[in-house]
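A.B. asks: The following block contains a protein sequence and its predicted model.
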Amino acid sequence: KAGVTQTPRYLIKTRGQQVTLSCSPISGHRSVSWYQQTPGQGLQFLFEYFSETQRNKGNFPGRFSGRQFSNSRSEMNVSTLELGDSALYLCASSLRAGGGTDTQYFGPGTRLTVL
Amino acid sequence: DAKTTQPTSMDCAEGRAANLPCNHSTISGNEYVYWYRQIHSQGPQYIIHGLKNNETNEMASLIITEDRKSSTLILPHATLRDTAVYYCIVKTDSWGKLQFGAGTQVVVTP
């Protein structure tokens, strides 16, 4: 079974621009979570989507947004990019079948550089 | 979710067992212990998880103390490819994020 895929893998943008990152979950997985990883802050949770609805949100400004489509694929958008948004953006998918625990599986990430 | 404490770093000789400790003294009854690892600049890789019983899979074993306040991840025969940052995370089953700490940098040497 194919793993979580993220596109693009690398991205260079300039301050003030906006960017859209894409994530395709493992087949059959219904939940997608997004994380940001920076050297200073480590891995931080952005948001989780399930059934096209945001279920949980981390402590990030409104410039960070996301959505999930009916096929469970997800996109996240960052508007008005700042230098501090340079990071590895990770997507994780999970089954969310209900009952018991739920394991998240991560994609390879998108490396965003803001100049 | 409860917080975890892990050593900052540890070295291990290739072929030997690596025992990675994790303290989670405030863990609640419905919280699971998860282990992930991250090889440089790659996405975190799921290793194993458990609630109160010891668990084993093809990658590792997880030993949870009876009071559940600490656990140990065991890599039975470490290889150079096991060099990574290992994260111990405590998580409930509810909607929620994985709260990553700083983890343990494990370096496997020949």
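C.D. replies: Sure thing, it's come through. Numbers count the residues shown, from 1 in each chain, chains lettered A, B, ... in the order given.
A.B. asks: Buried ones in stretch B:15-29, by neighbour count?
C.D. replies: Across stretch B:15-29, burial judged by 16 or more other Cβ atoms under 10 Å in any protein chain shown covers B:18, B:20, B:22-24, B:27. Just so you know, the C-beta spots here come from the backbone N, C-alpha and C atoms, and that holds for glycine as well.
A.B. asks: for stretch A:64-82, that is, sorry about that
C.D. replies: Quick answer for stretch A:64-82 (16+ other Cβ under 10 Å): A:64-68, A:72-76, A:78, A:81.
A.B. asks: for A:Gly84, helix, strand, or coil?
C.D. replies: Following DSSP: H, G, I helix; E, B strand; the rest coil, the label given to A:Gly84 is helix.
A.B. asks: quick one on the thing from earlier: among the buried residues of stretch B:15-29, which ones are in strands?
C.D. replies: B:18, B:20, B:22-23 (DSSP state E).
A.B. asks: ok, residues contacting stretch B:44-55?
C.D. replies: Stretch B:44-55 has contacts (Cβ atoms under 8 Å, 6 or more residues apart in numbering or on different chains) with A:43, A:90, A:92, A:101, A:103-106, B:32-39, B:56-57, B:59-64, B:68, B:71, B:73, B:84, B:86-87, B:100.
A.B. asks: Just the buried ones from those, in ChimeraX syntax?
C.D. replies: Remark: buried members of these, expressed as a ChimeraX selection using 16+ other Cβ under 10 Å:
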select /A:43,90,92,103,104,105,106 /B:32,33,34,35,36,37,38,60,61,62,63,64,68,71,73,84,86,87,100
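A.B. asks: Close to chain B: what parts of chain A are there?
C.D. replies: For chain A, the residues in contact with chain B (Cβ under 8 Å from any Cβ of the partner chain) are A:4, A:33, A:35, A:42-45, A:48, A:50, A:55-56, A:58, A:88, A:90, A:92, A:100-109, A:111.
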